[in-house]
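Enquirer: sequence and computational prediction follow.
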Amino acid sequence: MDRHFSRRTGAAGLRGSTLLALAAATGLGAAAPAMAQTPQRGGTLIAAADTEPRNLNPAMVASNGVFYVSSKVIEPLAEMDYDEGLRPVLATGWEGSEDGLSITFTLREGVRWHDGEPFTSADVAFSAMEVWKPLQNLGRSIFANLEAVDTPDDLTAVFRFSEPTPVQLIENALPAVSAVLPRHLYEGTEIAENPLNAAPLGTGPFVFAEHRPGEFYRLTRNDDYWAEGLPYLDAIVQRVLPDAGAKAAALETGDIHLTAFSAVPLTDMARLDAIDGVSVIPGGYEGITYHITVEINHRREELANPLVRQALRHAIDTDFLVDVVFLGFATPSTGPVPSSAADFYTDDVPTYDFDPARAESLLDEAGYPRGADGTRFSLRLRPAPWFAQTRDTGDYVRQALQEVGIAVELVTADPGGHIRAVYTEHDFDLAIGSPVWRNDPAISTTILFRGGQPAGVPFANQYGYDDPEMNALIDAAATELDRDARVALYHDFQRKVAEDLPILNLVDFTFITVARDELQNVANNPRWATSSWADTWIAQ
Amino acid sequence: MTGLMRATGVVGAAILLALLALALAADQIAPGDPLRMVGRPLLAPFADARFPLGTDQLGRDIWAGLVHGARVSLTVGAVAAAAAICVGILVGTLAGFLGGLADDVLMRVTEAVQTIPTFLLALALVSVLGASAVNVVIAIALSSWPPTARLVRAEVLRVRTLDYVDAARVAGRAPLAIAFLEVLPGALQPVVALIGITVGEAILVESALAFLGLSDPNLQSWGAMIANGRATLRVAPWLVILPGIAIALAVLSVSLTGDSLAARLGARRRA
Amino acid sequence: MPWRFLGRRLQQAVPVLLIVAVGVFFLLEIAEGDAVDAYLAATGAGDAGLAAQLREQYGLTDTLATRFLTYATRLATLDLGHSVAFDRPVLEVIATRLPVTLMLMGSAILVSGALGVILGGLAGWRRGGPADLTITVTALILNAMPGFWLGLLAIILFAVKLRWLPLGGIGSIGADLSGLAAVLDTVRHLLLPVGTLALTYLALYVRLMRAAMIEAADSGWTLAARARGLPERGIVLRHMARPALLPVVTMLGLQAGAMLGGSVVIETVFAIPGLGRLSFEAVTQRDLPLLAGILLAGTLVVVVVNILIDLLYRRLDPRVGDGVRATERRP
C-alpha cells in the first residue's frame, strides 16, 4: 500500500468519522479499497494476542486487555458508534427521569445465552447489583449511588439511584461498564471464583472455545446470534507472540491478520505500510484515548510551588515527544480532556510553550537557583513500566529537566512495584503516568484531581494535591443533570487544571491497528479493538 | 601449552585491553551522557560523521552507547565476579577448615543455591530488589558463588593436612588465622582458572537481565541496547547486532585471557 | 545398589528443597508491592475498598508469622496452593508448562552433549590440525554470544528472511495435526530454540571431550593398542572416546540448572510457554505460591537429571562408588 500516510493523524482532534474518511483518502485503512463490498462468510481471523488476563470477566474487570478477548463473547448494553454516538446492543433504548433518580432501559428481544437460555432483564439487574456496583473496578464509583434495579417485565430494567445521576455520564460509561453476565450461571456462586471468569459465556457473536496459556485464545462462531446473518467469521484466534518485532514479522509472513493496540513498534509502521497486503490503520480507538502525564508529588517542597510546576511544563517539549517518541501518532495535550472528545473539550485554557529560558527564570524566581555544579535540586522520576512510550517519555523528561538544572534519577520497577510505590507509599517525586480517557470526565479523569483519596487507590490523586475549589467543581459536575451546564462545569475544570498544574498533561495518544488487506470492516467504530467484531470479515 | 592456546591467549588479551581502554577513556572518546537524544532517530551507521555507528529510535548515539556500555558491562561483570569469588572463598574456606556441622550446613546451602538455576535466582533477585547497577551486581554475586565455594573447599581439605599448616597449629595460632592466612593462600591457585569464566558469565547474565528490562535506567549497557533495539530489529538491525558483537567480544576475550592465565599458572605449578 | 543410592540422593535433596522454599518466601516478602498491586496494575483501576477486599481474599492481611506458617504447613503437606495470577492450582499451572520446558531442555542437553562429543572428539583426535582450530574457536565464539541475541538473529534469518521455520510458539495453531505430522510440526517449532540453547552451551563439552581425548591418546592403553597394531578406528572409539565420555556426562548433569536458567530468555525470545517464562510472570505478578512451586519444580528437575546422569555414569564407569564424584561444575 501507499506509504504516504501523514503524521499526526493520530487522534488529532478529528472526530472518528472524519478520521476514517481521511484514512480512506490517503489510501490507509483496509476498509477503504474498492474491493468486494459484499461481506463474505467464513474464515478464521488470526490476531496477535494482547495480554493474558487471568480474569476475563468484563463485568468485573473493565480493562482493555480483558475486553480485547471477552467483548466478542459478552456484550454490553450499548456500544460506541461513529455515526450515532451510541449504538444499541443488548439495550434498544433508554430514558432518564426528570429528577435524575432513575433510568429505564428497554432490552432486546430474542437474545439467547450461549447455553440456550433466554436473556432477560433479570440478567441485567443481577449484573448491575451483584457485579458492576460491588465488584467492578470502574462500576464501584459510577454505580455507587445505584440503589436497586427493578424488572417490571422481562425486557425492562429500571435503574434507581439515591442521588441525581446524569444520563450523559451513564450513557458515556455504558460501553465499558455494562457487560451483562448470565444470572443463571452466576447467582448463588462466589462470583469472583466462578470458573466462567476464565472461560466467559455470554450473548455475543462468538463463543469462547479454548485458552491455552502462553499460546492462544480460540473463539468460534455463535450460530444462534441475535443479529441476522452475523457474525461473518467462523472463528477468531488470538495468538501469543513473543514481542513487538515478532508480531510485525508475523504480519509480514501472513501468520496473523491483525495486531491491535500498537502492538508493533511505531518505528516499523512505515515499513509495514509499504509492504503489499499490509496496511497501517490509525483510528478505531477514539473511545480509548490515553494521556501521557507527569505525576507530581506535592509533598516535595519544591514541587508544591506552582512556579516550579509551571517551569517543569515550560521545560518539556511536547512536540519533540510527539515527533520522536510517538513518531507523530499523538497530539500535544492542553489538559485532562483530549481534543478528540469534542463534547467536553475546550482549548480556552492557559497554555505553556516549550521555553527552557522561561523555565529557568521561573525556577530562579521560585528560589531555586543553580548551584555550583549547575544543579538546582534533584528529583526521582518513576516512569510507568507498561508502555514503551511511558519509559521513553521518562528518558526524555529526565533529559529535558537536566537541561534546566534539575537533576533527575530514573527509578524503575515492575507494574506491581510501581503501583505500590506511587499510589500507596508515595515514594516518588515525579512519575510518568498513562491515565485513560473514557469518554466522560467523571469516569476516570476527575479522580486524578479530586482530593481526599485514601492511599492505595491506584490511578487516582495520590499527589498530595487537595484544592477546595477544584473539589467543589468536580463534585458539582458529578451530579449536574443538565448537559450544557455539566459541560460548562467541565470547561471550568479544564481551566482550573491548566492554572494549577497539579499534574502535567503532555500528550494524548490512541493506538494503531495494522492489518492484512483481506481483513474488512476494521476500525469501524471508536472502540473497535474492544468491540464485538461481528461485522468483520475476510475477503477470499 | 600448545601454540594454539598461546595464540588465542594473546588475541584474547589484546581484545580485552582494547575494550578496557575504551571503557576507561569513554568520557574522552564520547563526551556527555550516552543516554542523551542528540540526533535524528534511526540514522544508519556510516551515514553521518557525527554519529559513526548511527542512532537509535530516540536519536541516541550508538557509538557513545557502546563505549559507555563497555564501562558498565565490564564493571558490572568484574565487580559481580569479584564479589561472587569472595563469597565463594569465604564459604569454601570456612566449610573446608571448620568441617563437621558447619561444613554440612554450608555445603547444603551451597548445593541449594547451585541447584536453583543461576539465572532464575538472579532474575528473581533483581525483580524484587529493583533494577539498579548495584542490585544487578548483588544478584549476580549471590547466585554465582557456589562453584568457587566448592572448589575452594576441596582445595582447603587438601591443603589443611600439609605440614606447614600443622606447624602453625602446633605454634598455637588462632584457627581462623590459620584458615585464612595459612590454608587459603595455598588453596587459591585453582581459583584463578575460574576468574575468566565467572567474569564472562557475569557479563552474560547482566546482559540477559537487561534484555528482560531489568537494567539500570540511568546507565547505558550493552544488554539494555539490545533490549531497546529488539522492537526495531527489522528496520534497524544494527541496534541489536552491534552491542551483541560487543558482548561476545568481551566474554570471549575475558575467557581466553583467563584460560591462558590459568594454563600458565598450572604449568608453573606442575613444573 | 542403585535403589539405595537413589534413596540417598533423594534424601540429600530434601534440605536443598527446604532452603529453597524458605528463601522464596522471604524473597517475595522484601519485594515492593504485593499480588494485589500487580493485579490493580493489570486491571487499570480500582479503589481502596476493592484492594482491601482482595487482600483479605488472598490472605495478605495476616501477620508475617501467620503467613509463613500457612505457607510452610501447605508445603509440608505437598500442597503447592493456588496461583494468584492464574487463579488456578499451582500444580495445574506448572503441569501445563513443565513438559514444554523439559522437552526444550532435554533436547538441548542431548543435542549439545552429542555435538560436543562428536566435535570435541574430532578436535582431540586431530589435535593441532585445522579441524581442531576451527571447532575450538567456533565453539568458544558461540559460547561468548548471548543466547537471546543469537536467537533474535536466527529468527530474522530463518523465520523472516528465508521463511524456513516458524517464528515462535510450539505448534501450528488451528492445524489439527496428529501422528507423524504433529511430531514434525513440534520439531520444526523447536529447531531454532533448541539449536540456540544447545550452541551456546556447546563449548564446554567440546573442551572437555577434547581434553579427555588428548589425555586418553597419551595413555598407556592407547599406546599399547597402537603397538599391537589394532585398527585406528577401534583405538579411537574404544580406547580414547569411551573413557573421554565420562567428564562430559558429568558436566551435562551439572549444567542442567544453568540450562534451565538459560531457557528463561530463550522461551521469551521464541514465545514458548514453558517454565522459564512462567517464572518471570510469577515474579512480576508477585505470585508467591507459583514462584515457590516453580523454583521447587526447577530444583526437582535438576536433582532428577543429576540422579539420571549419575546412573548413566555408573553404567559407563563401574569403578565409581556410591555417589562419589569429584568433577566440578566447570573446570
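Expert: Here it is on my side, so go on. Values in this document were obtained by computation on a predicted structure and should not be read as measured data.
Enquirer: and residue 198, what does it touch?
Expert: Since no chain was named, I'll use chain A. By Cβ atoms under 8 Å, 6 or more residues apart in numbering or on different chains, the residues touching A:Ala198 are A:Arg54, A:Asn55, A:Leu56, A:His211, C:Asp87, C:Arg88. Backbone N, C-alpha and C define where each C-beta goes, glycine included.
Enquirer: oops, chain B please
Expert: Counting by Cβ under 8 Å, 6+ apart, B:Thr198 has contacts B:Ala81, B:Ala84, B:Ile85, B:Ser144, B:Pro147, B:Thr148.
Enquirer: what's the separation between the fifth one and chain A?
Expert: Counting by Cβ to the nearest Cβ, to the nearest Å, the gap between B:Pro147 and chain A amounts to 30 Å.
Enquirer: quick revisit: any chance of the contacts of B:Thr198 in CSV, plus secondary structure and neighbour count?
Expert: Below are the contacts of B:Thr198 laid out as CSV (DSSP: H, G, I helix; E, B strand; the rest coil; neighbours: other Cβ atoms under 10 Å in any protein chain shown):
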residue, secondary structure, neighbour count
B:Ala81, helix, 27
B:Ala84, helix, 26
B:Ile85, helix, 26
B:Ser144, coil, 27
B:Pro147, helix, 25
B:Thr148, helix, 27
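Enquirer: look up phi and psi at the closest residue to B:Ile29 other than its chain neighbours.
Expert: Distances taken as Cβ to Cβ, 6 or more residues apart in numbering or on different chains place B:Val67 nearest to B:Ile29, at 5.3 Å, with adjacent residues excluded. Here is the backbone geometry of B:Val67 (degrees, to the nearest 10): phi -70, psi -50.
Enquirer: name the helices or strands packed onto the helix or strand encompassing B:Leu157?
Expert: According to DSSP states H and E, B:Leu157 maps onto helix B:146-159. For helix B:146-159, the elements it packs on are helix B:62-98, helix B:100-115, helix B:184-187, helix B:189-211, judged by 3 or more Cβ pairs under 8 Å, 6 or more residues apart in numbering or on different chains; DSSP states H and E.
Enquirer: buried deepest among those helices, which one?
Expert: Neighbour counts (mean count of other Cβ atoms under 10 Å in any protein chain shown) averaged over each of the helices and strands packed on helix B:146-159 peak at helix B:189-211, with a mean of 25.
Enquirer: quick check: angle from that one to helix B:62-98?
Expert: 140 degrees (axes from the mean of the first three to the mean of the last three Cα atoms, to 10 degrees).
Enquirer: got the angle for the following helix or strand past helix B:189-211 vs helix B:189-211?
Expert: Remark: after helix B:189-211, the chain's next helix or strand is helix B:222-230, criterion DSSP H and E. Angle of helix B:222-230 versus helix B:189-211, following the same axes, to 10 degrees, is 30 degrees.
Enquirer: so where do the strands sit in the stretch 151-300 of chain A?
Expert: A:156-161, A:206-212, A:216-221, A:235-239, A:258-259, A:278-282, A:289-296 (DSSP state E, counting those that start in this stretch).
Enquirer: now render those strands as JSON lines, adding mean pLDDT and distance to chain C.
Expert: Formatted as JSON lines, the strands of the stretch 151-300 of chain A follow (pLDDT from 0 to 100; distance: least, Cβ to the nearest Cβ, whole Å):
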{"stretch": "strand A:156-161", "mean pLDDT": "94", "distance to chain C": "19"}
{"stretch": "strand A:206-212", "mean pLDDT": "92", "distance to chain C": "7"}
{"stretch": "strand A:216-221", "mean pLDDT": "94", "distance to chain C": "5"}
{"stretch": "strand A:235-239", "mean pLDDT": "93", "distance to chain C": "6"}
{"stretch": "strand A:258-259", "mean pLDDT": "92", "distance to chain C": "13"}
{"stretch": "strand A:278-282", "mean pLDDT": "89", "distance to chain C": "14"}
{"stretch": "strand A:289-296", "mean pLDDT": "94", "distance to chain C": "10"}
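Enquirer: where exactly do the strands run in the stretch 1-150 of chain A?
Expert: A:44-48, A:78-81, A:85-88, A:91-96, A:102-107, A:146-153.
Enquirer: can I get these in CSV with distance to A:Asp466, mean pLDDT and mean neighbour count?
Expert: Shown next, in CSV, are the strands of the stretch 1-150 of chain A (distance: least, Cβ to Cβ, whole Å; pLDDT from 0 to 100; neighbours: other Cβ atoms under 10 Å in any protein chain shown):
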stretch, distance to A:Asp466, mean pLDDT, mean neighbour count
strand A:44-48, 43, 92, 23
strand A:78-81, 34, 92, 23
strand A:85-88, 35, 90, 16
strand A:91-96, 32, 93, 16
strand A:102-107, 32, 94, 20
strand A:146-153, 27, 93, 15
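Enquirer: ok, which of these comes nearest chain B?
Expert: Closest approach to chain B among the strands of the stretch 1-150 of chain A (Cβ to the nearest Cβ): strand A:44-48, 13.8 Å.
Enquirer: is the closest one in proximity to chain C?
Expert: Yes - looking at strand A:44-48 against chain C by Cβ under 8 Å from any Cβ of the partner chain, the contacts come from A:Thr44, A:Ile46.
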